[in-house]
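Peer 1: build me a model from this:
(chains A and B, ligands or ions: 1)
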Amino acid sequence: MRAAPVIAAVGATPVKAEHAASSSRDLMAEAVLACLADAGLADLSAVEQGITSYESDHFNLQMTLGAVLHDTIGMIPKPNMRIEGGGATGALALRAAWAQIQSGLCASALVYGVEKNGRGLSSRSANQLFALSADAEWEMMIGGTYTGFYAAMMRAHMAAYGTRETDFAHVAVRNRHNASYNPLAQKPMQITIDDVLGSMPIAEPYKLLDCSLLSDGAACILLATEDWARAHCPRFRQRPPVYFAATGCGSDTMRLGDRYPHISNFRAKREAARQAYAMAGIREPRREIDVAELYDSYSGVEIQAVEDLGFVAEGQGGAAVSAGAFDLSGDLPVNTSGGLMGRGAPVGATGILQAIEIAQQLWGEADPRRQVAGARRGLTDTHAGIASISVVNIFERGD
Amino acid sequence: MTQRVSSQLEIFQQDAAAPDPWAAFRQVERITVELTQRYKYSLGKVSRFFLELERGRFFATTCGGCGKTFAPPRPLCPRCLQPTKWRQLPGTGMVETWSTLHFSPGSNADVRALTPPYVFAYVLLDGADTLFPHLLKAPPAQARRGLPVQVAYSEGAVSHPIHLMYFLPRDPKEEP
Ligand SMILES: [Zn+2]
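Peer 2: This is a model prediction of the structure:
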């Protein structure tokens, strides 16, 4: 196998509840220009391929938005493909670029993603559209919601392992706190466990402050072979190289009930992690990974993730989270960016934003208040639905 | 598809103090776009499930290869990749997990008619190997893991045939 691709440059817009002054293409252009500036490139003429990352034709009110954005940023007539994998879209787009570079199809690929999930639609319309991303023949028509599916999973986790509401409230408090050190974050908050427990019930046991955000935003990563990045990107040569070292992808049934009897955790995530760890040669993930961005669509999901990613044994996530193991002061800080709860989650950009956070951590360029000292290996965990598709990507500092 | 447009002109200020490269583009018009679609949507090979609900009967499917019983039904066993067989179940079972929902997604008229909070339950039906999700029409405080329930059948018209049924708590001493 060839040496892994490197992150040549990154760029992103701030994540907001609403970028009312910008269309999807405006946001995408701004993120791409930021990425070019980061690369030290004047234009995209040297970049060979473009991979577009967006989830929803409905939210963006545009089908084939991939082609529109490719045109907007001046990439024609180069190859373009649009990747869609629900919440995992951005991570899956990076995985596709990884494969194209590893295969020798190209030496450079721009992975760019955007979503306007914020306030373009009423929350009722937004809920109806998000419900279509569940099994639209069954659960959605019954009256289920994603919060409800995740909540039922979490209740199974609580029943099996004694996980407490205060355990997942810890995630809600910490990730929003971490967001206050991220200038791109949508909603930093200084809140307490009691604030979370006392917030409005949405789908029990989840309350309002256990839920992540709907967001507008765009993000972009230039992936390349190390030779290409050295030849073309002045800024790359000034930084320690960060390799996109490994990628894994797992899948699971659409409906939670079809996973019976094991409904407390994410099988797809265990499978994605197994593949990624094998590729990266990782045996003890808790010790061998320094920083991670986890898919905290709901607070309890992070507890399930630290178990399924092998940071702790299944059932021990709640206690480890409450003990502070994954706080900025812990032995494996997670969601230093603020995660989906604090930084926000413009779906097509989310997985890319996670990878940008890991790159900044490995470069040592994060705000000192959230920088993990000496971080050399980082992980992103991103999933679709209730982890019907799960992607784990691993990045390593190479110097 | 209908499309109606109205517009609203707004001036958005840039947040940062730095020079604004887009200064000439800060006058922004926002329009309201409305799309409405009606679909003829085939329920395909699971149609019989819904037709049996109209007759007050609950059907699952069973794979002749591995013996697994699917509720909701699957016409194709994903493990053996062979057609399954229809099989009537008694409609009794137990709650495995649930959530009390305080907001309805408004997916259809039946869902919009629900008064939150309501209980969304995953039920292990007797004879099935998967959990069947549906509304448990009971006070939220009554919901618990292991609660015996049974399928009840709706009277009157529904907007989607999945609402021809729902779950009710069951006295385990009574025959269904
Ligand atoms: Zn079978």
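Peer 1: may I see the buried residues of stretch B:149-165?
Peer 2: By neighbour count with 16 or more other C-beta atoms under 10 Å in any protein chain shown, stretch B:149-165 contains the buried residues B:149-152, B:158, B:160-165. No exception for glycine: its C-beta is placed from N, CA and C like everyone else's.
Peer 1: and the helix or strand where A:Leu110 lies, does that touch chain B?
Peer 2: With secondary structure defined by DSSP states H and E, A:Leu110 is part of strand A:108-116. No. Applying C-beta under 8 Å from any C-beta of the partner chain, one finds strand A:108-116 separated from chain B by no less than 12.1 Å.
Peer 1: the helix or strand just after that strand and chain B, are they touching?
Peer 2: Beyond strand A:108-116 on the C-terminal side, the first helix or strand identified by DSSP H and E is helix A:123-131. Yes. Helix A:123-131 lies within reach of chain B by C-beta under 8 Å from any C-beta, at A:124, A:127-128, A:131.
Peer 1: for chain B, give me its nearest residue in the stretch 1-150 of chain A.
Peer 2: A:Ala21 (3.5 Å; C-beta to the nearest C-beta).
Peer 1: number of nearby residues for that residue?
Peer 2: Residues near A:Ala21, counting by other C-beta atoms under 10 Å in any protein chain shown, number 18.
Peer 1: for A:Ala93, give its distance to A:Ala384.
Peer 2: Distance, A:Ala93 to A:Ala384, by C-beta to C-beta, to the nearest Å: 13 Å.
Peer 1: for the longest strand along chain B, packing partners?
Peer 2: In chain B, with assignment by DSSP state E, the single longest strand is strand B:92-101. Counting contacts by 3 or more C-beta pairs under 8 Å, 6 or more residues apart in numbering or on different chains; DSSP states H and E, strand B:92-101 packs against helix A:146-161, strand A:201-203, strand B:118-125, strand B:131-136, strand B:148-153.
Peer 1: now these in CSV, with mean pLDDT?
Peer 2: As requested, the helices and strands packed on strand B:92-101 are arranged in CSV below (pLDDT from 0 to 100):
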stretch, mean pLDDT
helix A:146-161, 97
strand A:201-203, 97
strand B:118-125, 98
strand B:131-136, 98
strand B:148-153, 98
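Peer 1: nearest to A:Ala359, out of those?
Peer 2: Closest of the helices and strands packed on strand B:92-101 to A:Ala359 is helix A:146-161, at 28.7 Å (criterion: C-beta to C-beta).
Peer 1: for B:Phe132, grab the count of nearby residues.
Peer 2: Should you count by other C-beta under 10 Å, B:Phe132 turns out to have 28 residues around it.
Peer 1: now the residues of helix A:123-131 next to chain B: which count as buried?
Peer 2: Of those, these count as buried by 16+ other C-beta under 10 Å: A:127-128, A:131.
Peer 1: show me the domain layout of chain A.
Peer 2: Listed by automatic domain parsing, the domain ranges of chain A are A:6-120+A:215-238, A:153-211+A:245-397.
Peer 1: sorry, back to before: the ion versus the residue of the stretch 1-150 of chain A closest to chain B, what's the distance?
Peer 2: Distance of A:Ala21 to the ion, computed by C-beta to the ion, to the nearest Å: 54 Å.
Peer 1: may I ask which helix or strand encompasses that residue?
Peer 2: A:Ala21 belongs to no helix or strand, assigned by DSSP H and E.
Peer 1: shouldn't it be in contact with B:Glu29?
Peer 2: No. Contact criterion C-beta atoms under 8 Å: A:Ala21 and B:Glu29 do not qualify, at 10.3 Å.
Peer 1: report the contact partners of the closest residue to the ion within chain A.
Peer 2: Closest residue of chain A to the ion, C-beta to the ion: A:Asp258 (13.0 Å). Under the criterion of C-beta atoms under 8 Å, 6 or more residues apart in numbering or on different chains, the neighbours of A:Asp258 are B:70, B:130-131.
Peer 1: hang on, the earlier thing: tabulate the domains of chain A (TSV), appending distance to B:Pro172.
Peer 2: Shown next, in TSV, are the domains of chain A (distance: least, C-beta to C-beta, whole Å):
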stretch	distance to B:Pro172
domain A:6-120+A:215-238	40
domain A:153-211+A:245-397	20
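Peer 1: out of those, which is closest to B:Arg144?
Peer 2: domain A:153-211+A:245-397 (9.8 Å).
Peer 1: quick one: the helices in the stretch 251-399 of chain A?
Peer 2: A:267-280, A:285-288, A:299-308, A:317-322, A:339-342, A:347-363 (DSSP state H, counting those that start in this stretch).
Peer 1: brain fart, chain B
Peer 2: Remark: helices assigned in chain B by DSSP state H are B:47-54, B:109-112.
Peer 1: show me what counts as buried in the shortest one.
Peer 2: Residues of helix B:109-112 classed as buried by neighbour count (16+ other C-beta under 10 Å): B:110-111.
Peer 1: again with stretch A:284-291
Peer 2: A:285, A:288-291.
Peer 1: cool, and stretch A:166-173?
Peer 2: So for stretch A:166-173, counting by 16+ other C-beta under 10 Å, buried means A:167-173.
Peer 1: check whether it comes near chain B.
Peer 2: No. Using C-beta under 8 Å from any C-beta, stretch A:166-173 stays clear of chain B, with a minimum separation of 13.9 Å.
Peer 1: mean confidence score for that stretch?
Peer 2: When pLDDT is averaged along stretch A:166-173, the result is 98.
Peer 1: what does that stretch contact?
Peer 2: A:154, A:191-193, A:195-197, A:205, A:209-210, A:296, A:298-300, A:302-303, A:317-319, A:321-322, A:335, A:341.
Peer 1: among the residues you listed, which ones are buried?
Peer 2: Buried among these (16+ other C-beta under 10 Å): A:154, A:193, A:195-196, A:205, A:209-210, A:296, A:298-300, A:302-303, A:317-319, A:321-322, A:335, A:341.
Peer 1: which of those are close to chain B?
Peer 2: A:Pro205.
Peer 1: surely A:Ser388 touches A:Thr253?
Peer 2: Yes. Using C-beta under 8 Å, A:Ser388 is in contact with A:Thr253, at 7.0 Å.
Peer 1: of these two, who's got more company?
Peer 2: For A:Ser388 and A:Thr253, the more surrounded residue by other C-beta under 10 Å is A:Ser388, and the numbers stand at 23 against 17.
Peer 1: from chain B, how far off is that one?
Peer 2: 13 Å (C-beta to the nearest C-beta, to the nearest Å).
Peer 1: again, but for A:Asp331
Peer 2: Distance from A:Asp331 to chain B, by C-beta to the nearest C-beta: 32 Å.
Peer 1: and that residue, its phi and psi?
Peer 2: phi -80, psi -20 (degrees, to the nearest 10).
Peer 1: quick check: residues of chain B near the ion?
Peer 2: B:63, B:65-66, B:77, B:79-80 (C-beta under 5 Å from the ion).
Peer 1: one step back: of the contacts of A:Asp258 - the most surrounded one?
Peer 2: Going by other C-beta under 10 Å, B:Leu131 tops those with 26 neighbours.
Peer 1: hang on, that one packs against B:Phe120?
Peer 2: No. B:Leu131 lies out of contact with B:Phe120 (C-beta under 8 Å); the separation is 11.7 Å.
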